[in-house]
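Colleague: Return a 3D structure for these sequence lines:
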Amino acid sequence: MNPNAFFIVISFVVVLGVFLITLLSVLRKKQNPTLKSQKKTIDFQTVMLLLESKYSTIKDIERASRYFFDNYTKWNLNKSQKQNFLFVLCLHQNTTSKMILQAQEQLSKLNPDMKKDFERIVKKAIDLR
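Modeller: Now for the predicted structure:
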């Protein structure tokens, strides 16, 4: 075999190998950010932002409310945060009466000592609407 042909074949194999290694490393880097984005958690403030937005749809509000009650025990909310959640939920233009009553009932079950407070909040918010 001609030395020039031998050199060309070896060079081709080396360049092809470098290309494949670079391609694999780029593909692996693209997969990692998707895993990191899935691990982001939603906190109480994020739920409140969703409820306070006038652009939130009924589905957004239902999802935020469900997420609130799913994570209720994890968040260790104080009294004013619980009241504020119900108040903001009541004031939102896309909230239905069924959603308000369900949230009030669930909060009353979880906090029997605050039942009267929740009733007052709902009445006040409905009057403001």
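
Colleague: Helix, strand, or coil at the residue positioned nearest the centre of the chain?
Modeller: The chain has residue 42 as the residue nearest its centroid, 4.4 Å off, counting by CA atoms, centre = their mean. Secondary structure assignment for residue 42 (DSSP: H, G, I helix; E, B strand; the rest coil): coil.

Colleague: Kindly tell me how buried the closest residue to it other than its chain neighbours is, as a neighbour count.
Modeller: Once flanking residues are discounted, residue 42 sits nearest to residue 67: 6.2 Å by CB to CB, 6 or more residues apart in numbering. (Glycine included, C-beta is placed from N, CA and C.) Here the number of neighbours of residue 67 (other CB atoms under 10 Å) works out to 15.

Colleague: which secondary structure element contains residue 67?
Modeller: helix 58-70 (DSSP states H and E).

Colleague: Would you mark the buried spots in that helix?
Modeller: Across helix 58-70, burial judged by 16 or more other CB atoms under 10 Å covers 61, 62, 64, 65, 68.

Colleague: what does stretch 80-94 give?
Modeller: 82, 83, 84, 85, 86, 87, 88, 89, 90, 91, 92.

Colleague: Good, we can wrap up now.
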